[in-house]
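> Return atomic coordinates for the entry below.
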Amino acid sequence: MNEVTKSIERVQAKIVIMAEDVTPPEILFHIPLICEEKGIPYAYMSTKKELGNTARINVSASAISIEKVGSGNESALNDLIKKLEEIKK
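So this is what the prediction gives:
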């Protein structure tokens, strides 16, 4: 969690994804606030296990930040961010 917070505060994160099943939920309360303040989009996934698997880290994760993507994936990330912004409206 500390690394995700640092990534947001340093405005290195391009997007932050959090798990919905984090207990206690208070652990994540500050993340959306900092993301809003820094203009970093964020989203949620159902479970910590699903988030860890999706991030290919093979362990459960409460939250992740994506700072860099491969050259062929930049447009996919931008499309995802645009869709998240549309959903928030």
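
> just checking, Tyr42 touches Leu28?
No: under the criterion of CB atoms under 8 Å, Tyr42 lies out of contact with Leu28, with a separation of 9.8 Å. To be clear about C-beta, it is placed using only N, CA and C from the backbone, and glycine gets the same treatment.

> so what's in contact with the two at the same time?
With contacts taken as CB atoms under 8 Å, 6 or more residues apart in numbering, Tyr42 and Leu28 have Met18 as neighbours in common.

> burial measure for Leu51, as a count.
By other CB atoms under 10 Å, the residues close to Leu51 number 24.

> can you pull the contacts of the residue lying closest to Leu77 once chain neighbours are set aside?
Once flanking residues are discounted, Leu77 sits nearest to Val69: 5.1 Å by CB to CB, 6 or more residues apart in numbering. Contacts for Val69 (CB under 8 Å, 6+ apart) come out as Lys14, Ala76, Leu77.

> tell me the secondary structure for Val69?
coil (DSSP: H, G, I helix; E, B strand; the rest coil).

> Quick check: phi and psi on it?
Dihedral angles of Val69 (phi, psi; degrees, to the nearest 10) stand at phi -130, psi 160.

> What does Ser62 show for phi and psi?
Note on Ser62: its backbone torsions stand at phi -80, psi -40 [degrees, to the nearest 10].

> Can you check the pLDDT for it?
Looking at Ser62, its pLDDT reads 97.
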